[in-house]
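Engineer: A predicted structure for the sequence below; I have some questions about it.
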Amino acid sequence: MISEHLNRASDSEEYVRSHLFCCFSNAIRRYVYYSSTKPARVLAEVPAGRDKADLVVTTGSGRDELGLLLVECKRRILDKQGRKLGEASGQAARYATELRCPYFAVYDGRVFLLFRNESPFLIDVSEVSLEEVILGDFCFRLLANLLDQKYLVGALAKFLGHTALPGISDKELFEKRVLPVVIRYILRNNNERAGPKMEEKELETRCSNLLPLWLDLLRSR
C-alpha cells in the first residue's frame, strides 16, 4: 500500500517539476563556476498571463533579466502520449510567447522535447528518466549552449553530439502518433498570436511541410 502511494507520487507533475528544478539549479551553479560573466537563475511557477509557467531559466540581472528557456512539466505519461505532449507543447509555446522566451521545452519525466519559438520550432527529441544521473549533465550542457548562444538550429549535429542523451526508443510511435499531433498544437498557438484563425486546409499544408524536417531530426537521434 505504501509503495503504491510512493510510486504515484514519483509519477506526479509536482515531482517531475521539483526534480528538474534541482537539475537546472545545480547546472547554473556549475556554469557560474566556469563563467561568472553570465548570471542566470531558474524560477518556478512564473505568472504567464492568467496562468503560470512551471519553470523559467533566466539570464541577466535586475532590469536586464530576461527569460531564456521555459519548461512545462507533466506527469509521466503512459497513455494518449501524442495528445498530452501536444497540449503541453502548445501550452509551453503560449507561455514562452507571453514571457518572451526564445526557447521552450516539455518534459514528462521520460521524454524531453526542446523547441525554438519560431519555425521550424523543434530542436531536440530525447528520452531520459528522471532518476538517471545523465539528466543533470544534459541540463548543464543545454544551459551552457543557450547562454553562450551556440545552440542554433543550423548547428544541431554539433550540439547533439554533446548531449549524451539517447534518442526516442519507440521512433515509430513518435513518427505516427506524437510528432504530427505536437505540430498541430504548436502551429495553432503560433497562428492564434499572429492573426485570424487558420483554415484547416492551410493547417494541414503547414503540418505537411514541417513534419519531414521533424522526422529527419527524430531519425538522426
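Structural biologist: Now that the structure is in, tell me what you want to look at. Keep in mind that what you see is a predicted model, and the values were worked out from it rather than measured.
Engineer: from now on I want contacts and neighbour counts done on CA atoms only, so please keep to that.
Structural biologist: OK.
Engineer: can you pull out the strands in this structure?
Structural biologist: 40-48, 51-59, 66-73, 103-107, 111-116, 122-127 (DSSP state E).
Engineer: show residues contacting the shortest one.
Structural biologist: Right, strand 103-107. Under the criterion CA atoms under 8 Å, 6 or more residues apart in numbering, residues 16, 68-74, 85, 88-89, 92-93, 96, 112-117 lie in contact with strand 103-107.
Engineer: then that strand to CSV, C-alphas only?
Structural biologist: Only the C-alpha atoms of strand 103-107 are listed here, as CSV (Å, rounded to 0.1, in the frame of the first residue of the first chain):
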residue,chain,number,x,y,z
TYR,A,103,13.3,28.6,-26.2
PHE,A,104,10.7,26.3,-24.6
ALA,A,105,10.6,22.7,-23.7
VAL,A,106,8.3,20.0,-22.4
TYR,A,107,9.4,17.2,-20.0
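Engineer: next, the angle from that strand to strand 51-59.
Structural biologist: 120 degrees (axes from the mean of the first three to the mean of the last three CA atoms, to 10 degrees).
Engineer: what do you get for the last one?
Structural biologist: Going by the same axes, to 10 degrees, strand 122-127 is angled at 100 degrees with respect to strand 51-59.
Engineer: so what does strand 122-127 touch, helix or strand wise?
Structural biologist: Packing partners of strand 122-127 (3 or more CA pairs under 8 Å, 6 or more residues apart in numbering; DSSP states H and E): strand 111-116, helix 200-220.
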